[in-house]
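J.: okay, sequence plus prediction incoming.
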Amino acid sequence: MPTLNRKIDAPVLDADPFDETHLADPYPLHELLREAGPVVFLERYQVWAMARHDEVHASLTDHGTFCSSRGAGLSDFHKEKPWRPPSLLLEADPPDHTVVRTAMGKVISPRTVRGFRDTFRAVAEDLADELVARGGFDAVTDLAERYPLKVFPDAVGLPSEGRENLLPYGALAFNAFGPRNTLLEDALAKAAPVQEWIWASCQRDALAPDGLGARIWEAADNGEITHEQAPMLVRSLLSAGVDTTVYGIANTVQALAANPDQWARLREKPSLARFAFDEALRYESPVQTFFRTTTRDVEVSGVRIPEGEKVLLFLGAANRDPRKWGPDADRMDITRRAAGHVAFGMGIHQCVGQPIARLEAELVLTALAERAGHLEPTADPVPKLNNTLKGWSSAPVSVRAT
Ligand code: OVM
């Protein structure tokens, strides 16, 4: 380990952010990290970390210094072979990144996403009708895992057979940003058939002719990207587009049920749905962390970080930093101005799929708010452990029609 002769002018901490206690409830550690200093050093993984909003935001927007091409996880692609060929979007820097990002931005254009609205709304309304009539449901398994898993794969144009592979693949991809702990080892042990189905589903002949997947292949026909890049970009949709929205919707509904005053506000004014989602993303960010790698010696808030170092950015902690959000940072308030949160990232890598995520959340929350009077937890939610994602495996609620 290169600790010898290393001069570290930052607090050195022995906490493991990827242990089960911190993954289940990261907030006490977040406060400790923010209070320890603007930059800290995590002894166990020999990485630097930032948990305050200012420094996280500044690092995300300085992609020249904090690069992505050496991986957005703990593993440094200069030193270790990646578990899969690197993403052309997430794990790339300019100028390579710019070309594919531009093409992907055109595929997920405002016009395309507007075209999804009517079908997405119909599915949301049918599901909300069913769940409210039932009188109670699980916000994770009955709502958040059902809605995106219907509308998003349809929008991509995936075959209906094998869709059960999508959630395990996402769980694997997000665990793979962390250390090789049991979460990652267990996910890798089951990975082969899942990866095979995913890759087959990225090929042109597997995709419906009118979906997002087909539009990516058309971008290759048009010369915007190459035909070798096309299936890799479909893979990005399948990696980043499923678990994130499942966690995001589940976290939002769970947080609203647990905060009856906030649920009452949304019910009175369902048009607040998009604001409620943004605040929920701030309050309980589905993607908690990403890494970057330094491309040069850099000084951050008085701390010198050498070249070639991994830096762990705590998005979820930045989103609750009282320096940015005030003394009520830990409170959910759907009327707060949550803009400026980094739950979708910031800078050139900011989530390219966010219009789709926002549309899904808006429609499912609106449908629920228009139909459900009271919404309350009937038991404590059960944490779902993942090296990157924060959420629940179960969140039972009771519901009554308005
Ligand atoms: C990708 C990707 C992008 C964002 C998140 C992510 C698994 C993956 O391009 O594959 O998480």
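T.: Received the coordinates, thanks.

J.: and the strands in this structure?
T.: 12-13, 40-42, 47-50, 66-67, 136-138, 289-294, 298-300, 303-305, 310-314, 372-377, 382-384, 391-394, 396-401 (DSSP state E).

J.: who wins for proximity to the ligand among those?
T.: Checking the strands of the chain against the ligand by CB to the nearest ligand atom gives strand 289-294 as the closest, at 8.4 Å. In this view, the C-beta of every residue, glycine as well, is placed from N, C-alpha and C.

J.: that closest one pairs with which strands?
T.: Partners of strand 289-294 in the sheet, by DSSP bridges, are strand 66-67 (antiparallel), strand 310-314 (antiparallel).

J.: most tightly packed of those strands?
T.: Of all those, strand 310-314 carries the top mean neighbour count, a mean of 24, counting by mean count of other CB atoms under 10 Å.

J.: and the closest residue to Phe290 other than its chain neighbours, how many neighbours?
T.: By the measure of CB to CB, 6 or more residues apart in numbering, the closest residue to Phe290 outside its immediate chain neighbours is Ala72, 4.9 Å from it. Ala72 has 25 neighbours, counted by other CB atoms under 10 Å.

J.: does Ala72 touch Phe174 like I think?
T.: No - assessed by CB atoms under 8 Å, Ala72 is found out of contact with Phe174, at 10.5 Å.

J.: residues in contact with Arg337?
T.: With CB atoms under 8 Å, 6 or more residues apart in numbering as the criterion, no residue contacts Arg337.

J.: can you check Val287 too?
T.: The contact partners of Val287, by CB under 8 Å, 6+ apart, come to 174, 244, 315-316, 343, 345, 388-389.

J.: follow-up on the earlier one: in a markdown table, list the strands paired with strand 289-294 along with mean pLDDT and distance to Asp278.
T.: As requested, these are exported to a markdown table (pLDDT from 0 to 100; distance: least, CB to CB, whole Å):
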| stretch | mean pLDDT | distance to Asp278 |
| --- | --- | --- |
| strand 66-67 | 99 | 25 |
| strand 310-314 | 99 | 19 |
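
J.: redo those as TSV? Include distance to Asp16.
T.: Listed next are these as TSV, based on distance: least, CB to CB, whole Å:
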stretch	distance to Asp16
strand 66-67	23
strand 310-314	12
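
J.: got these as TSV, with distance to the ligand columns?
T.: What follows is those, written out as TSV (distance: least, CB to the nearest ligand atom, whole Å):
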stretch	distance to the ligand
strand 66-67	15
strand 310-314	14
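
J.: and of those, who's closest to Thr141?
T.: The closest of the strands paired with strand 289-294 to Thr141 is strand 310-314. By CB to CB, the value is 28.3 Å.

J.: kindly format the C-alpha coordinates of the closest one as PDB.
T.: Output of strand 310-314 as PDB, limited to C-alpha atoms (Å, rounded to 0.1, in the frame of the first residue of the first chain):
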ATOM      1  CA  LYS A 310      -9.500   7.900  -6.200                       C
ATOM      2  CA  VAL A 311     -11.900  10.500  -4.800                       C
ATOM      3  CA  LEU A 312     -15.200   9.300  -3.300                       C
ATOM      4  CA  LEU A 313     -18.000  11.900  -3.800                       C
ATOM      5  CA  PHE A 314     -20.900  11.600  -1.300                       C
END
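
J.: burial count for the nearest residue to Ala208 once chain neighbours are set aside?
T.: Spatial nearest neighbour of Ala208, chain neighbours left out: Gly157 (3.2 Å); criterion: CB to CB, 6+ apart. Using other CB under 10 Å, Gly157 has 19 neighbouring residues.

J.: what sits against Gly157?
T.: 207-214.

J.: measure it to Gly211 for me?
T.: 2 Å (CB to CB, to the nearest Å).

J.: out of the contacts of Val287, name the ones that lie in helices.
T.: If you go by DSSP state H, the contacts of Val287 have 174, 244, 315-316 in helices.

J.: near the ligand, which residues of the stretch 1-150 of the chain show up?
T.: 87, 89-90 (CB under 6 Å from any ligand atom).

J.: in a markdown table: those residues, plus neighbour count.
T.: Listed next are these as a markdown table, based on neighbours: other CB atoms under 10 Å:
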| residue | neighbour count |
| --- | --- |
| Ser87 | 21 |
| Leu89 | 23 |
| Leu90 | 21 |
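
J.: which parts of stretch 80-95 are buried?
T.: 83-84, 86-93 (16 or more other CB atoms under 10 Å).

J.: center of this protein - which residue?
T.: Nearest to the geometric centre of the chain sits Val287, at 3.6 Å (CA atoms, centre = their mean).

J.: quick check: that one vs the ligand, distance?
T.: To the ligand, Val287 is 7 Å away according to CB to the nearest ligand atom, to the nearest Å.

J.: pLDDT averaged over stretch 336-349 - what is it?
T.: Averaging pLDDT along stretch 336-349 yields 98.

J.: span of it from start to end?
T.: End-to-end distance for stretch 336-349, by CA to CA, to the nearest Å: 25 Å.

J.: from the chain's centre, how far out does that stretch sit?
T.: Distance of stretch 336-349 from the chain centroid (CA atoms, centre = their mean, to the nearest Å) equals 12 Å.

J.: ok, and does that stretch reach over to the ligand?
T.: No - with CB under 6 Å from any ligand atom as the criterion, the ligand is not reached by stretch 336-349; the gap is at least 8.0 Å.

J.: in this protein, where is pLDDT below threshold?
T.: For the chain, the stretches with pLDDT under 70 are 1-5.

J.: buried ones in the longest helix along it?
T.: In the chain, assigned by DSSP H, the helix with the most residues is helix 110-134. Using 16+ other CB under 10 Å as the test for burial, helix 110-134 gives 113, 116, 120-121, 123-125, 127-128, 131-132.
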